[in-house]
Structure formats: C-alpha cells, structure tokens
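> A predicted structure for the sequence below; I have some questions about it.
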Amino acid sequence: MSLNESYPVGAVLGLLEVTVEDAARLGVDEPEALRGGGAETSSGERSSNGHGNQRVEPTVRGLPVPAHAAGASYMSPRMKARMNELGLHAADLAGIAGSGAAGRVTIQDFELFLAGLEQSKLTPASSMRVAVADAMRRSWTRPLATVALPVGLDAMLEHRKSSESKPGPALYALRALALALTENSAPAGRLVGHHIVHPNAIDVGFAVEAEDGVLVPVLREANKRPLKELVGRYNELVEQARQRRLPPGATGGSVATVTNFGTFGLTWATPIPLPEQTLVLGMGAGRVVPNWVPKLERFMPVTEANLTLSFDHRVLDGGAAGRLLARIAALLATPEKL
C-alpha cells in the first residue's frame, strides 16, 4: 500500500482477527468471513478472507445499507462534499446506476454522470421551479397517505347558477374545509416532538398554476367569512398569482391547501402537502354518472367528482382522515350554508 493511492472496492488493506463474540458485540454481520478471518476493504466494509472479489454486502450495526433508497441515501463524506459544492441533493442521484458495493453510487460514478450531462441539452430551471422542487423534497421526508371519496356536485352547481358572485368549485371546497377544521382543528395540527400543535387561525391556501410552477395564495380566517364574502378576495388573489404579483402576507402560514386538479381534466390525483402543512384537499373533474334512486327504482344521472385528502400519516390515521373528508362532503351537499 502507498500513501494517497486509491484502491478498488474489495482490495485487501489488512487483516483483522476477531472472535465471534467481539463481532456480535460490534454489530458485524458476516459470520462466514469471521470464521475464516475477515478482511477490511478500502470502503470500510468486510469481505471473506481470500475472496476479495466476492460481492460485498455493506452493513451498519448489522443492518443492510440501502444503496438506492431516496436516490443513493448512503454517501461517503467525499461525495457529500462534492454534492454540497454543486448545490445538489441525494434525490438528484436517483437516476445514477452505482458501481460500488451493493450498487452504491461512487464519486467516480457521479463525475461520469456530470460529464454526461454536458452532452445533453440543458435549460436553466426557474427560481420558482427550484423553490417548488425544494418544497416537495422536504415534504416527502414525511410518511404521506391519501384517502378519496366520490361526491355529488349537483347541489353545488345549482347554487352556483343562482349566485351572483359565481364562486368556483375550489372555493366551495375551501370554505367547506375551513368549517370542518373549525369543528376539529387537530387534523390541521403539526406534530412537534410529543405534541400536536393546533393552528391559531384557519388560514387556507389554494393552488394557482403560474409560469413554470404553482403559487399558493392564502385566504385568512376562511372559517369566519361566508362564501359570498370570500369570492372577491379569492378572484383577486388568483389574478395576482397568475401575474406573479402577490403582495406580502398573501402567502405562507396556512394550515392546509385546496387544489382543483379537475381543471386539467383529471379525475384522480394525490397532491403533496406543503412542508409546513398536514393536509391538502384535491378536487377532480366532474363527470355525469348513473346513480340508483331506490324510490324511483331506476338510475338517474348525477354529476360526481372525486375528493382526495392527502395527509401527514404521523398526525392522522385513515379513519380520522376519512371522517374529515366525509364531513367536507356533507358540507358541500348544503352549499347554501357555506
């Protein structure tokens, strides 16, 4: 061995003689290697004595290292330093095939990947795209789940026709969500340590597609103002968001978000809550479907859409999420009370 020289994975750098008891105490998980005397490789892993070319299965305290989870979640200090230098995250390595132990992405793999990028067409990501990507990356560190419920829209559509202000479907859903959270704010709470932190106000955001991203303006205290009084402010914020001219205080600090993915013709989706939120309520496109009416003993056409509720599973379980969604559906069935 020579100073400052690199060695391939599997190269024998030295031999360690340990007892089975010491190996068990230290969490080494290669009993066959121990029976013959283990060899430590340049990557700090062990291979069986005399068989340095065998596949290495890295372990930490007896647990296998997840080489591909979340885009190469196990990285060497050198790799981490290089990633920090370039402003990249572990998720950016998800598409790289690793050549290291157990498929681990090595620094050489990473540099080859960067060299290959220079041969591809590159366009700069907008600041909004980068901000959305960072928010979704942070959101995905939590266990998220989604429940759904088909909801009849005929009552809401009839109410909208008779209303002078013509509130949109997302605003109906937002108001229903705000009222449901007023009755029980725990589902909108955040888990901090061993406590659920309840919101001080029911401020609800709504997703607006802007150039190369999504903005989430907020209706403050949406539970305290009736639907007809929210329409003007809602429409104003939508226009400002599309022009990317939202004023200070019009975003952030909301407890949940409502998104109408039905505007894209989608009937089903699983939106992701923002990092500081526990909930996101989604509304799919309305469809005319047959509905059995027992009194008439026949099917009648009704307009129906899927409501989805994605949530932080640490705060809510499926039952609580389902009850919240059912309450929102019940409120939508009586739109004149919103």
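Cool, the structure landed.

> all helices of this protein, in order?
Counting by DSSP state H, one finds helices in the chain at the ranges 20-26, 31-36, 77-86, 107-117, 127-139, 154-162, 169-183, 227-242, 318-332.

> can I get those in JSON lines with distance to Leu215 and mean neighbour count?
The way it works is simple: take the backbone N, C-alpha and C, and place the C-beta from them, glycine included. Formatted as JSON lines, these follow (distance: least, Cβ to Cβ, whole Å; neighbours: other Cβ atoms under 10 Å):
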{"stretch": "helix 20-26", "distance to Leu215": "52", "mean neighbour count": "12"}
{"stretch": "helix 31-36", "distance to Leu215": "56", "mean neighbour count": "14"}
{"stretch": "helix 77-86", "distance to Leu215": "28", "mean neighbour count": "12"}
{"stretch": "helix 107-117", "distance to Leu215": "29", "mean neighbour count": "14"}
{"stretch": "helix 127-139", "distance to Leu215": "8", "mean neighbour count": "14"}
{"stretch": "helix 154-162", "distance to Leu215": "24", "mean neighbour count": "15"}
{"stretch": "helix 169-183", "distance to Leu215": "14", "mean neighbour count": "23"}
{"stretch": "helix 227-242", "distance to Leu215": "4", "mean neighbour count": "16"}
{"stretch": "helix 318-332", "distance to Leu215": "23", "mean neighbour count": "18"}
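
> hey, least reliable of those by pLDDT?
Ranked by mean pLDDT, those bottom out at helix 31-36, with a mean of 45.

> out of the helices of the chain, nearest to Thr259?
Among the helices of the chain, the nearest to Thr259 by Cβ to Cβ is helix 169-183 (7.3 Å).

> tell me what that closest one is packed against?
Helix 169-183 is packed against helix 154-162, strand 204-206, helix 227-242, strand 256-259, strand 279-283, helix 318-332, with contacts defined by 3 or more Cβ pairs under 8 Å, 6 or more residues apart in numbering; DSSP states H and E.

> any chance of the ones you listed in CSV, plus distance to Pro143?
Supplementary listing: those in CSV, determined by distance: least, Cβ to Cβ, whole Å:
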stretch, distance to Pro143
helix 154-162, 32
strand 204-206, 22
helix 227-242, 30
strand 256-259, 18
strand 279-283, 14
helix 318-332, 12
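
> what's the closest of these to Leu171?
Among these, the nearest to Leu171 by Cβ to Cβ is helix 227-242 (5.2 Å).

> relative to helix 169-183, how tilted is the closest one?
Put simply, helix 227-242 runs at 120 degrees to helix 169-183, going by axes from the mean of the first three to the mean of the last three Cα atoms, to 10 degrees.

> grab the longest strand from this structure for me.
strand 298-312 (DSSP state E).

> how does the chain divide into domains?
With automatic domain parsing as the criterion, the domains of the chain are listed as 14-117, 140-337.

> list the contacts of the residue nearest to Ser165 when sequence neighbours are not counted.
The shortest distance from Ser165 to any residue that is not its chain neighbour, by Cβ to Cβ, 6 or more residues apart in numbering, is 4.1 Å, and that residue is Val231. By Cβ atoms under 8 Å, 6 or more residues apart in numbering, the residues touching Val231 are 165-167, 171.
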